[in-house]
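Undergrad: The following block contains a protein sequence and its predicted model.
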Amino acid sequence: MPVVHESTGTYEGPGVPSSSSTRTQPTAAQEIPKNDGVPSVESNLNADPAPCPSPESDDLADCLRPCPEALVEEFRANNEVSTQVQKIMASKTQCELYHPAGVLLTLISRAIFESFSADDKLRLHLEPGRPIVFLSHYSCPLAHFPNGNPTNSPSLVGVFELPAELHFPMHDDGSYRDIPYHRVETVVELGHKRRAFESRRRASSDIHHILQARSDRPACYAMSATPGCFELFYGSPLGLQTSQVLYWTDLETLCAWVYSLYDPPDGHILYDRTISWQESPGTPFSAPTWTVTTEDLDLSGAVIEFVGYPYGRQTTVFRAAMADQPGPVIIKDYFFDDDKLYEEAEVLHWNVHGDGFVPGVVRLLSFQNVANDGKMIIFRHPTERLIMTKRRLVFADYGVGLENAKSVNDLLMAIYDILEVHRTVAARRHVLHRDMSLANILMYPQLNRCEGVPWMKDMPPLIDDVLGVVKREGEAQKARGMMIDFDHSSLLCDGQEPSPEAQQDKERELRCRIGTPTYIARAVNVAAVPYYCDSAVYYQQMPLLVGKAKELYLNAYGNSRYEQYNDNPDGPTFHGGYPRPGDEDELCELAERLQFHHRWEHDAESVFWAMYSILLRVHPQNAEETPLSKRQAEYAWDILKKHVIPKRNVDGSGFCGRYDERQVLLHHYRKIFSSAFLPAMRDVAFLLHSIAAQVNPTYALMKPCPPFEDHLHEAMQRLILQYLVDHEDEPIPLTPGVLRSIEGEEEEARAGLKRARDQSDRMTHRPVFPKLGTEQCTRPRENDADSPKGE
């Protein structure tokens, strides 16, 4: 059996600096006192380990494949193994841990690698002579995280050994630096005994970022350790699982962990073999591009556009070029719950585009479940009915975020079309999006060829049809905006008599809270009919168009559409609905009794919050900030970015507070409202204030309610159209991608990208170290009316 001797720090060794290497001396606070409960360094490795002191933890046994007993016995008898274990347990500082831990793990890894037969290595896709070795990386963050700069500096990283002609860069102290994420297979975080939780936290964070950066890794192992003991981790779409605390004398479990890095148990899939990374030719360790393979496509040179939460859906979005397409295509990989009621691919393919492509909605080129060598990538929870299957969608169309608008008018035209498309999809395709966030509204769409399906007939006029007088038809009728991500959409009643079960499923789904915190509608936020004295009383009538704007509207849509939404100027209706009589207390009690369901107007409100957040942040060319606008913008942005979706009360009776702090932004007087915007955006701020007055009321408190579900869409579009006509010659040029600098901001314009929903989302509100079978994968209870099937 190969033996690893103490290394000089070069790559050909175990990859960790020797104890004689120059390094920062530990402070007195870093000294680790002797632990009387841990076996002494003289302990025999053949002796049984002492009882584990952490009974509440899981042993992670189901996630590890046992190392062959003969190999474990060789390690027990090996003097080098015993020596390194004794050095680990005798370490007084964190710095003293790096070398023996790296040597020990590399020794075990090399021996396990050499024990595999040629057929095993072929089955496991292992390259000859390239075992996993453990390198110290404590002084520098890993390189090339997609779309961000995490500061993780793992104590040890496990990487496949490089060919002889390549070497990772090193620091003067012998540790390695700038190892790229895409070459990291596992991590080990070492720490002091008194700060063991810190090393556990770092290991959890490391797995989080590896699963995001390695789009070819649906699961990953990690370890945290102190001189006395170690803990093991396994992260997958099912969540993060941890082992019990183990002593270094437990070689059997330690070897099983290393063995599983190569050959995990069945159902614990470490790699998606349909994705591979490539570095720039002649530039080793450069930022990678990716080749993504589907059943009929090989898309090379793909770059990562977005990475989501690593547990649960584990979404990754790529942008790639196709040889026969004029523009880039988008690839979306994610895991979906097999028990989910509606799934994005089916909704788009069969419901939204089934009778013809709808302009302004992203189109699918293909979708499929992902498989390794014919076996689908599926993760099954061992004790609960939770099955997560990997799916890949390829979209034909591409767009950019609203922060890339070239002018304010361009941005408003995109919003106008989004509202028209949204109401059309709801009315004609019976699909409600339910997550109209800034990230899901794109502009300047680039449309590729998508054969086999005609375009929708009789699509209502879009903004270019309205302003251009002549209505376009078919493929020529392109929208200024594009809706994406129908992952949380819901089907509506289509006029046909559904089965009682199907009707119940739809009703339960529409009672579910879903949305992005910054943009979620106030009613959806608390899954209730909210009552605010100003929103229940100060209703606004449907806006009336004047002048050229009215002429263009009537020419495009006709007088019948215009009149059906209008209120009688002398009558008591507002958007066609009637306010309920009663004082404040009566209306408040009524609001508490009414049952919530997701309405069309709630998605329109989400579009308003997206409009508000981006128009607050865009920066007109040559515009100057004033002290007042800066101070007020910081105040408004602080409210938006800090908004969270409240959790359910412990007794299940409701939610922690029904007041939405964003409400204050809706009822500001126009002067105060507009003061948060740059002076050059004064008229835009007045437009938003007028829209806010339409969004503010609680229409569900009316009796009867407005007769048309898209009444708020209509009001918002009329106000936008009037502005566009009145400011046709004042587009307000913007600098694409440049946003106002707001002191204290923590997120960019796409604030609140983390979405949340009720208990039906098993991956929401997860503790840092969930335990398998408890908090890790909470299933919806059958008697929870607010937790429908689905993700």
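TA: Perfect, I can see it now. Numbering: from 1, shown residues only.
Undergrad: wait, what's in contact with Pro237?
TA: Listed by C-beta atoms under 8 Å, 6 or more residues apart in numbering, the contact partners of Pro237 are 218-219, 311-314, 335, 379, 388. In short, each C-beta sits where N, CA and C put it, glycine included.
Undergrad: gap between Asp119 and Leu126?
TA: Asp119 sits 11 Å away from Leu126, going by C-beta to C-beta, to the nearest Å.
Undergrad: Make TSV from the contacts of Pro237 and add secondary structure and neighbour count to it.
TA: Shown next, in TSV, are the contacts of Pro237 (DSSP: H, G, I helix; E, B strand; the rest coil; neighbours: other C-beta atoms under 10 Å):
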residue	secondary structure	neighbour count
Pro218	coil	26
Ala219	coil	24
Tyr311	coil	24
Gly312	coil	22
Arg313	coil	21
Gln314	coil	25
Phe335	strand	24
Phe379	strand	20
Met388	strand	27
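Undergrad: would you turn these into JSON lines with distance to Gln241 and pLDDT?
TA: Formatted as JSON lines, the contacts of Pro237 follow (distance: C-beta to C-beta, whole Å; pLDDT from 0 to 100):
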{"residue": "Pro218", "distance to Gln241": "14", "pLDDT": "97"}
{"residue": "Ala219", "distance to Gln241": "10", "pLDDT": "97"}
{"residue": "Tyr311", "distance to Gln241": "10", "pLDDT": "92"}
{"residue": "Gly312", "distance to Gln241": "14", "pLDDT": "90"}
{"residue": "Arg313", "distance to Gln241": "18", "pLDDT": "92"}
{"residue": "Gln314", "distance to Gln241": "15", "pLDDT": "94"}
{"residue": "Phe335", "distance to Gln241": "16", "pLDDT": "95"}
{"residue": "Phe379", "distance to Gln241": "11", "pLDDT": "95"}
{"residue": "Met388", "distance to Gln241": "14", "pLDDT": "94"}
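Undergrad: Tyr565: which of the residues you listed is nearest?
TA: Distance to Tyr565, by C-beta to C-beta, is smallest for Arg313 among the contacts of Pro237, at 38.2 Å.
Undergrad: Who has more neighbours out of Asp119 and Leu126?
TA: Taking other C-beta atoms under 10 Å, Asp119 and Leu126 do not tie; Leu126 has more neighbours (18 against 8).
Undergrad: List the residues that contact the more buried one.
TA: Each residue near Leu126 by C-beta under 8 Å, 6+ apart is listed here: 113, 116, 120, 262.
Undergrad: distance of the nearest residue to the last one once chain neighbours are set aside from Arg214?
TA: Sequence neighbours aside, Leu124 is the residue nearest to Tyr262 in space, at 5.8 Å (criterion: C-beta to C-beta, 6 or more residues apart in numbering). Counting by C-beta to C-beta, the gap between Leu124 and Arg214 amounts to 17 Å.
Undergrad: other SSEs contacting the helix or strand Ala203 falls within?
TA: Here Ala203, judged by DSSP states H and E, is contained in helix 196-213. Using 3 or more C-beta pairs under 8 Å, 6 or more residues apart in numbering; DSSP states H and E, the elements in contact with helix 196-213 are strand 184-190, strand 220-225, strand 229-236, strand 239-242.
Undergrad: List of residues touching that helix?
TA: Outside helix 196-213, the residues that touch it by C-beta under 8 Å, 6+ apart are 142, 144-146, 150, 152, 154-155, 181-182, 184, 187-192, 217-220, 222-226, 229, 231, 233, 235, 240, 242, 307-308, 310-311, 314, 316, 768-769.
Undergrad: CA atoms only for it, dumped as CSV, please.
TA: The C-alpha trace of helix 196-213 is given here as CSV (Å, rounded to 0.1, in the frame of the first residue of the first chain):
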residue,chain,number,x,y,z
ALA,A,196,-16.0,24.1,16.3
PHE,A,197,-19.3,25.7,15.3
GLU,A,198,-17.3,28.2,13.1
SER,A,199,-15.7,25.4,11.1
ARG,A,200,-19.1,23.7,10.7
ARG,A,201,-20.6,27.0,9.5
ARG,A,202,-17.7,27.4,7.0
ALA,A,203,-18.1,23.8,5.7
SER,A,204,-21.8,24.5,5.2
SER,A,205,-21.1,27.7,3.3
ASP,A,206,-18.5,25.9,1.2
ILE,A,207,-20.9,23.2,0.1
HIS,A,208,-23.5,26.0,-0.7
HIS,A,209,-21.0,27.7,-3.1
ILE,A,210,-19.6,24.6,-4.7
LEU,A,211,-23.1,23.4,-5.6
GLN,A,212,-23.8,26.8,-7.1
ALA,A,213,-20.4,27.1,-9.0
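Undergrad: mean confidence score for that helix?
TA: Mean pLDDT, helix 196-213: 93.
Undergrad: Can you list the buried residues in it?
TA: By 16 or more other C-beta atoms under 10 Å, the buried positions in helix 196-213 come out as 196, 199-213.
Undergrad: Counting neighbours, which of the contacts of helix 196-213 end up buried?
TA: For the contacts of helix 196-213, a burial check counting by 16+ other C-beta under 10 Å picks out 142, 144-146, 152, 154-155, 181-182, 184, 187-192, 217-220, 222-226, 229, 231, 233, 235, 240, 242, 307-308, 310-311, 314, 316, 769.
Undergrad: Tell me how far stretch 301-313 lies from the chain's centre.
TA: Relative to the centre of its chain, stretch 301-313 is centred 8 Å away, using C-alpha atoms, centre = their mean, to the nearest Å.
Undergrad: what does stretch 543-560 give?
TA: Using C-alpha atoms, centre = their mean, the distance between the centre of stretch 543-560 and that of its chain works out at 41 Å.
Undergrad: Now do it, average pLDDT.
TA: Mean per-residue pLDDT for stretch 543-560: 97.
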